[in-house]
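*Asks:* I would like to see how this sequence folds:
(chains A and B)
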Number of protein chains: 2
Amino acid sequence: MAQDKKLVEAITSMEVDFAQWYTDVVKKAELIDYSSVKGCMIIKPAGYAIWENIQKELDARFKETGVENVYMPMFIPESLLQKEKDHVEGFAPEVAWVTHGGLEPLQERMCVRPTSETLFCDFYANEIESHRDLPKLYNQWCSVVRWEKTTRPFLRSREFLWQEGHTAHATAEEAEERTVQMLNLYADFCENVLAMPVVKGRKTDKEKFAGAEATYTIEALMHDGKALQSGTSHNFGDGFAKAFGIQYTDKENKLQYVHQTSWGMTTRLIGAIIMVHGDDSGLVLPPRIAPTQVVIVPIQQKKEGVLDKAYELAGILKTGCRVKVDDSDKSPGWKFSEHEMRGIPVRVEIGPKDIEAGQCVLVRRDTREKMVVALSEINEKVTELLNTMQVEMLERARAHREEHTYDAVSYDEFKDIVANKPGFVRAMWCEDEACELKIKEDTQATSRCMPFEQKKLADTCVCCGKPATKMVYWGKAY
Amino acid sequence: MAQDKKLVEAITSMEVDFAQWYTDVVKKAELIDYSSVKGCMIIKPAGYAIWENIQKELDARFKETGVENVYMPMFIPESLLQKEKDHVEGFAPEVAWVTHGGLEPLQERMCVRPTSETLFCDFYANEIESHRDLPKLYNQWCSVVRWEKTTRPFLRSREFLWQEGHTAHATAEEAEERTVQMLNLYADFCENVLAMPVVKGRKTDKEKFAGAEATYTIEALMHDGKALQSGTSHNFGDGFAKAFGIQYTDKENKLQYVHQTSWGMTTRLIGAIIMVHGDDSGLVLPPRIAPTQVVIVPIQQKKEGVLDKAYELAGILKTGCRVKVDDSDKSPGWKFSEHEMRGIPVRVEIGPKDIEAGQCVLVRRDTREKMVVALSEINEKVTELLNTMQVEMLERARAHREEHTYDAVSYDEFKDIVANKPGFVRAMWCEDEACELKIKEDTQATSRCMPFEQKKLADTCVCCGKPATKMVYWGKAY
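*Replies:* Now for the predicted structure:
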């Protein structure tokens, strides 16, 4: 048991140092390793398997809405990046530049894509001629590079994995509809699969994507009360279409510009899962996203019949969930700690006495609750438990968010909350960027979003006292 | 019907110009488009869906053998690339170099990975300590960059998609076993899923991978008689381990070097599918890899009940295959040509007269054979037809290869065959690189492989007349 303790002691407590706790979990749960390229991470099997599940779930949802996958080159010639003014200003300072191909200097340098709007636009300009070619609903799964100064695993790294959807539509209405549709899809995915509640809303002009007319976002609250932007969906209007000359002939044979959207989710979601659900024993994975949902730990596994029974149970459970038997030669206590660290939702313990009594023990990862279950009922009980956990993890995360969402009417109140109560602060705003800047300077809180569900908390802006038009979620963010 | 003709006429005949035929198919079947980055292609939905199926099939097979997926950074610092002497010599001339991150020059330039041996080795050097950490069976799906001078869609492009497996083992025997296991897995996949027969063998030292002790390959014969290397598996011995210091303590507590392998398949396979199965009407997809296996084309679709019946059939077929209804407002003839161009294995035609007679017409893409089938039997008949096509396409490709595989005993005979009969030439070799070089210079044929199934065609080397030790497949290659 000294051994078991050691494994758990290797993680810093959340209360002591949340940032260090996060780093410890990421390493001890074997999600990533650092690489010899500063700011780039190696995603290890336990981390990548979570990403594969995220991909599978999202990809199926995308395809149900008519989206098709494509693959664009990873390089963008400098002249192409510069075609849309706001976009290049937003991204040029943080791209990686390729200057040589083989032994020769390139005629024009290229950046490694930080995002692919410009490539899709260049493609659409050739591809779209008539209204019959619309809509285009394309997506790609790839990695992108942004040369950030400070990095953290999953949350901000110089290379990360993501999907980027890029659509082109005949009308502004259709583009707006798609932008909101994808945001809703993201929010449903977060709530139903990741058990992570999100606030849906629109970014202020200051916080929107470089080149977008409107950016919609889902914002989640982490365990430490900081906000994490978890997915965004952008409506570009016809701005990119005008910069790139993407036109189609409509039914009256008139030339029109297309209206475009883009939307993306990244490996950052793995960071969100860790910080929403994790605890001082490590990762806690919502069942629906867990690569292994159930681990069977045989007790006194060298005794006759124990391992056989463990494999038999795995065979039964396999029909309904993702299950593994840990038959390694470590002690049961060590295995318990290890699988807790890795966040496996349900542990099944089975030993000689259990077999004699025709039962086994189930332990849920989130609450540590133990229950004795008849072997004959194991399938139903495990399925039931996984479902219950999924629901309760979402409820718990939602309750945590509600408890850490505050309303502020006066600026003193606002500053006091930001300084002393980690979480979201809701407050009214006059829509003047000056107030947004002042709030950031005074408190380090940024506007997270103007939620779709508006509520009038007061008549005046929390900062300047002038008439307010929007209720805004504010918070310190990752 | 003038319209239909136009679509087909847009492809050059294979007999007239095979290279142009290939380019036409790639474009007209909408598999790719050219991008503004020279030598890099855009993989369009029809092309990417084939790749997704390849990934799905291969990935499941890898995982069955214990392989886990990971993700490594896309950049390799120059000093890391240089650690293994042969490897850097092989790749440095064709990598893309990143020299700036954001606005600042990098302290050390990095290349975009052309392959990731060096990254995996660097990782394994930190990760592996004891024999308990072995074997490591990792794979990644990613894109790689090789700055080639001449490029062709799928066959040779500056960026391509692939998987690269990298394993580390305790013993030389285990590494050799894994190298061969993966080659066999590749060969089975090509034969069973892509209906493409391959010759399995070992590369000569001249043709092996930069840094490998042995490279195994599968070689397929294209319709024009040229060879295509379709997958490779490398045994590195402990060469990389020594260069990177990858050691483990064995059961006797002694420090040992690991033995490593790597193996890969790429989007080049899509080029192979095109050139093995395609014809003058376009692409012909083997059913098991086809994104859409059956397309239903309603005849006189505006007549009452026709479209409903088409959807009803799709509903029935959906349980057993990937099916689509083409309800666009194009003419049936146009649709026939279009779906033939895209290589969809089976077409179902259903019109008012068919409905009255309780039947429909099935047309197979490969032979154009038509059959009338009772609607009540459609599911069984379509399943049967897809299976038959899969088998017969493999048989046809195998027969084509056999017919285009020649044995040469004398050098005159050898040169005559290479000059006049496109295909594989089998001939004996003394294992002296001088003969290999001479043959290439004289005939442009390269050694494709020393097949696992050896046969003694003669006692002496086809080139120099000295005693021969190996039977070799030679051919002109992509």
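*Asks:* Only C-alpha atoms from now on, for both contacts and neighbour counts.
*Replies:* Fine.
*Asks:* Quick one: residues in contact with stretch A:132-147.
*Replies:* A:66-72, A:74, A:94-96, A:112-115, A:127-128, A:157-170, B:101-102, B:142 (CA atoms under 8 Å, 6 or more residues apart in numbering or on different chains).
*Asks:* from these, which ones fall inside helices?
*Replies:* A:Glu127 (DSSP state H).
*Asks:* Which residues of chain A lie near chain B?
*Replies:* A:35-37, A:40-45, A:47-49, A:68-77, A:92-103, A:122-123, A:142, A:147, A:159 (CA under 8 Å from any CA of the partner chain).
*Asks:* Which among those count as buried?
*Replies:* A:35-37, A:40-45, A:47-49, A:68-77, A:92, A:94-102, A:122-123, A:142, A:147, A:159 (16 or more other CA atoms under 10 Å in any protein chain shown).
*Asks:* Let me know the secondary structure of the most centrally placed residue in chain A.
*Replies:* Geometric centre of chain A, nearest residue: A:Leu269, 2.1 Å, by CA atoms, centre = their mean. Secondary structure state of A:Leu269, per DSSP: H, G, I helix; E, B strand; the rest coil, is helix.
*Asks:* just A:Val284 next, same as before
*Replies:* Applying three-state DSSP: A:Val284 is coil.
*Asks:* ok, back up a step: which ones among the buried ones among the residues of chain A next to chain B are found in strands?
*Replies:* With strands taken from DSSP state E, the overlap with these comprises A:41-43, A:68-69, A:75-77, A:96-101, A:142, A:159.
*Asks:* Contacts only, for A:Ala172.
*Replies:* Contacts of A:Ala172 (CA under 8 Å, 6+ apart): A:Gly237, A:His259.
*Asks:* So A:Cys360 is in contact with A:Leu375, correct?
*Replies:* Yes: the pair formed by A:Cys360 and A:Leu375 meets the contact definition of CA atoms under 8 Å, at 6.3 Å.
*Asks:* give me the beta-bridge partners of A:Val144?
*Replies:* In this entry, A:Val144 is beta-bridged to A:Phe160, by DSSP bridges.
*Asks:* same check, this time on A:Ser262
*Replies:* With DSSP bridges as the rule, A:Ser262 is bridged to A:His166, A:His234.
*Asks:* Over to A:Met428?
*Replies:* Going by DSSP bridges, A:Met428 forms beta bridges with A:Met471.
*Asks:* residues near it, how many?
*Replies:* 27 (other CA atoms under 10 Å in any protein chain shown).
*Asks:* Contact partners for it?
*Replies:* Counting by CA under 8 Å, 6+ apart, A:Met428 touches A:409, A:456-462, A:468-472.
*Asks:* any idea which of those residues is closest to chain B?
*Replies:* A:Val472 (32.6 Å; CA to the nearest CA).
*Asks:* Run a quick neighbour tally on that closest one.
*Replies:* 26.
*Asks:* Please determine how far the nearest residue to it once chain neighbours are set aside is located from A:Asp442.
*Replies:* Excluding the flanking residues, the one nearest A:Val472 by CA to CA, 6 or more residues apart in numbering or on different chains is A:Met450, at 4.6 Å. Distance, A:Met450 to A:Asp442, by CA to CA, to the nearest Å: 20 Å.
*Asks:* Between these two, tell me which one has more neighbours.
*Replies:* Each of A:Met450 and A:Asp442 has its neighbours counted (other CA under 10 Å); A:Met450 has more, 23 against 10.
*Asks:* What residues are recorded as beta-bridge partners of the more buried one?
*Replies:* Counting by DSSP bridges, the residues bridging with A:Met450 are A:Arg202.
*Asks:* what sits against it?
*Replies:* Contacts of A:Met450 (CA under 8 Å, 6+ apart): A:Gly201, A:Arg202, A:Lys203, A:Thr204, A:Lys470, A:Met471, A:Val472, A:Tyr473.
*Asks:* same thing with A:Val180?
*Replies:* A:Tyr216, A:Ser233.
*Asks:* next one: A:Val70
*Replies:* Neighbours of A:Val70 in contact, by CA under 8 Å, 6+ apart: A:Tyr138, A:Asn139, A:Gln140, B:Ile42, B:Ile43, B:Lys44, B:Pro45, B:Gly47, B:Tyr48.
*Asks:* Give me the distance between it and B:Ile273.
*Replies:* 19 Å.
*Asks:* got it, and A:Glu304?
*Replies:* A:Glu304 is 53 Å from B:Ile273, by CA to CA.
*Asks:* Which one's more surrounded, these two?
*Replies:* B:Ile273 (21 against 10).
*Asks:* Name the helix or strand for the more buried one, please.
*Replies:* Counting by DSSP states H and E, the element that carries B:Ile273 is helix B:268-277.
*Asks:* which other helices and strands contact that helix?
*Replies:* Applying 3 or more CA pairs under 8 Å, 6 or more residues apart in numbering or on different chains; DSSP states H and E, we find helix B:268-277 packed against helix B:18-28, helix B:45-64, strand B:227-237, helix B:378-403.
*Asks:* In PDB, list the C-alpha atoms belonging to it.
*Replies:* The C-alpha trace of helix B:268-277 is given here as PDB (Å, rounded to 0.1, in the frame of the first residue of the first chain):
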ATOM      1  CA  ARG B 268      -0.400   6.700 -53.100                       C
ATOM      2  CA  LEU B 269      -2.700   3.600 -52.700                       C
ATOM      3  CA  ILE B 270      -5.500   5.700 -54.300                       C
ATOM      4  CA  GLY B 271      -3.300   6.000 -57.300                       C
ATOM      5  CA  ALA B 272      -2.800   2.300 -57.300                       C
ATOM      6  CA  ILE B 273      -6.600   1.700 -57.200                       C
ATOM      7  CA  ILE B 274      -7.100   3.900 -60.200                       C
ATOM      8  CA  MET B 275      -4.300   2.300 -62.300                       C
ATOM      9  CA  VAL B 276      -5.100  -1.300 -61.400                       C
ATOM     10  CA  HIS B 277      -8.900  -1.200 -61.900                       C
END
